[in-house]
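S.K.: Pasted the sequence and its predicted model underneath.
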Amino acid sequence: MNESKFARQKVMEDYLSALLTDDQPTPGAKIPLDNVSKLLNAALLEIHQDVDSHPGPVVSLPEITEITPPAEKEEGAAHPPSDQPSGVYHCEFQGLIFEVAGLTLALPLTELGGIHQLGTVNPLFGKPDWFKGVMLHREEKINVVDTALWVMPEKCAEKLAASTKYQYLIMLGDSTWGLACESLVNTVILQPEDVKWRKFDGKRTWISGMVKKKMCALVNVKQLIRLLDNGIYSNNSSFK
Amino acid sequence: MSNSRMSNNTTSDADDEVLQWVTYKLGAETYGINVMQVQEVLRHTDIAPVPGAPEYVLGIINLRGNVVTVIDTRARFGLEPTELSDNTRIVIIESEEQVVGILVDSVAEVVYLRSSDIDSAPNVGTEESAKFIHGVSNRDGELLILVDLNKLLSDEEWEELTNV
């Protein structure tokens, strides 16, 4: 009996200890029998053994079931949809700063496919205004995006579009898409905390976040390529 | 840069079919149509307008006793109209078992292209005319836009043309 009491005391100590050191549950995840419930089962086993060895009044014990933590309230959907590239950097990275029609944008250098001088662009009929056409560069055919028209069609009036003097083409990763830009500003080294990372619950999924120092948008290159491949405007929120 | 970029690599693959394309100009751009669909090329001649015809129909011409409908290619592709010139041509084509003429700014040449030389155009744009583009090709540093004549008109429009 004393041995049994000692065993139960140890089990309870373990139980309380487990409560204090319990890991944070993953939001929404159904946790299987964890350490705590295992210890509770062990405690019940001890009780059963104790009862069996000392016949007495039979006590019915509630059955232990799996513990499901309540789902935490989502705060601005901190994670993107599973198939949407997040564009978030967790370590130092370099960004290219460039300008288009008075708008400054940044692009991670690791996702820069190259920079070309903008040459002759061949327009294709039936395409949206933001698709300037195809530029031949050596053996490649580059799809040229009128960045100002794509990024801010609502602000890019005819006058602004006409005054935009594109000089360079910034290639997006290993895709065939190139963003036309007016000027290349510089490159900057950025820490993750230098960027206010975007939450994934709204429009403009092509933006990873805002570069605080420069107050400019950091382009989510993979997502931008996806949008362009699907012929979708910058502010279309229906495509995630 | 990367393998996924479009390129004009020529291969000796047996499936790499060589096709001939008749090239023509509309504005600054060069377009190509499959030579097998081209019957002949005519100098510009008087086109008799047809009352009540669709806006992309310029009218009809008499081709050796046969009435042929002439389509305004610029209007069909959504391009700005332009003045006729000495280089203006009517290309007589056969598509969907019908013979029609298409008005072009000028006819350039016949070129040979391998299938591997042709890349699909980016799938952007919802305008109906976007579907007319079969693909694009780099021809001696010049972009050639290949047109799918079979998609130039819908079944209903072909039907309408027969009644012009």
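M.R.: Right, received. Where do you want to start? Numbering: from 1, shown residues only, chains lettered A, B, ... in the order given.

S.K.: Go through the helix or strand where residue B:159 lies and flag the buried ones.
M.R.: Using DSSP states H and E, residue B:159 falls within helix B:155-162. Within helix B:155-162, the residues that count as buried by 16 or more other C-beta atoms under 10 Å in any protein chain shown are B:158, B:161. Every C-beta, even on glycine, is put in place using the N, C-alpha and C of the backbone.

S.K.: ok, now stretch B:17-26?
M.R.: B:19, B:21-24, B:26.

S.K.: same thing with stretch B:51-67?
M.R.: B:53-54, B:56-61, B:63.

S.K.: Likewise for stretch A:85-101?
M.R.: So, applying 16+ other C-beta under 10 Å, buried residues of stretch A:85-101: A:85, A:87-89, A:93, A:95-98, A:100-101.

S.K.: chain center to the helix holding residue B:159: distance?
M.R.: 18 Å (C-alpha atoms, centre = their mean, to the nearest Å).

S.K.: Residues touching that helix, excluding its own?
M.R.: Identification of contacts with helix B:155-162 by C-beta atoms under 8 Å, 6 or more residues apart in numbering or on different chains yields B:54, B:57, B:69, B:96, B:98, B:100, B:153.

S.K.: One more: stretch B:58-71?
M.R.: Outside stretch B:58-71, the residues touching it (C-beta under 8 Å, 6+ apart) are B:42, B:45-50, B:53, B:56-57, B:72, B:90, B:92, B:99-103, B:152-153, B:161, B:164.

S.K.: Of those, which belong to strands?
M.R.: B:42, B:57, B:72, B:90, B:92, B:99-103 (DSSP state E).

S.K.: Between the contacts of helix B:155-162, which sits nearest chain A?
M.R.: residue B:153 (14.5 Å; C-beta to the nearest C-beta).

S.K.: so what's residue 25 scoring on pLDDT?
M.R.: Picking chain A for this. What the model reports as pLDDT for residue A:25 is 40.

S.K.: right idea, wrong chain: chain B
M.R.: In this model, residue B:25 carries a pLDDT of 95.

S.K.: Wait, a strand at it?
M.R.: Yes - under DSSP: H, G, I helix; E, B strand; the rest coil, residue B:25 sits within a strand.

S.K.: Who are the contact partners of it?
M.R.: B:31, B:87, B:104-108.

S.K.: picking that back up, need the contacts of helix B:155-162 in a markdown table with pLDDT, can you?
M.R.: Formatted as a markdown table, the contacts of helix B:155-162 follow (pLDDT from 0 to 100):
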| residue | pLDDT |
| --- | --- |
| B:54 | 89 |
| B:57 | 93 |
| B:69 | 94 |
| B:96 | 75 |
| B:98 | 86 |
| B:100 | 93 |
| B:153 | 83 |
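
S.K.: Narrow those residues to just the buried residues.
M.R.: B:54, B:57, B:69, B:96, B:100, B:153.

S.K.: residues in contact with the first one?
M.R.: The reference is to residue B:54. Here residue B:54 is in contact with B:157, B:160 (C-beta under 8 Å, 6+ apart).

S.K.: Closest to residue B:118 out of the buried residues of stretch A:85-101?
M.R.: Checking the buried residues of stretch A:85-101 against residue B:118 by C-beta to C-beta gives residue A:85 as the nearest, at 30.4 Å.

S.K.: Now that closest one: closest residue in space, sequence neighbours ignored.
M.R.: residue A:222 (3.7 Å; C-beta to C-beta, 6 or more residues apart in numbering or on different chains).

S.K.: now that neighbour, what's its secondary structure?
M.R.: helix.

S.K.: Distance of it relative to chain B?
M.R.: 13 Å (C-beta to the nearest C-beta, to the nearest Å).

S.K.: Can you flag which of the buried residues of stretch A:85-101 belong to strands?
M.R.: A:93, A:95-98, A:100.

S.K.: Name the secondary structure element that contains the spatially closest residue to residue A:95 that is not a sequence neighbour.
M.R.: Ranked by C-beta to C-beta, 6+ apart and with sequence neighbours excluded, the top spatial neighbour of residue A:95 is residue A:106, at 4.3 Å. Assigned by DSSP H and E, residue A:106 belongs to strand A:103-108.

S.K.: re earlier: just checking, the residue nearest to residue A:85 touches residue A:108?
M.R.: No - using C-beta atoms under 8 Å, residue A:222 is not in contact with residue A:108, being 10.2 Å away.

S.K.: Spit out the residues that contact those two alike.
M.R.: Counting by C-beta under 8 Å, 6+ apart, the residues touching both residue A:222 and residue A:108 are residue A:87.

S.K.: Would you reformat the buried ones among the contacts of helix B:155-162 as CSV and include distance to residue A:140?
M.R.: Shown next, in CSV, are these (distance: C-beta to C-beta, whole Å):
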residue, distance to residue A:140
B:54, 39
B:57, 39
B:69, 40
B:96, 35
B:100, 36
B:153, 33
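
S.K.: Stretch A:154-169: which residues count as buried?
M.R.: Buried residues in stretch A:154-169 (16+ other C-beta under 10 Å): A:156, A:164, A:166, A:168-169.

S.K.: SS state for the residue lying closest to residue A:175 once chain neighbours are set aside?
M.R.: With C-beta to C-beta, 6+ apart as the criterion, residue A:175 has its nearest non-adjacent residue at 4.7 Å, and that residue is residue A:225. Secondary structure, three-state DSSP: residue A:225 is helix.

S.K.: Cheers, nothing more for now.
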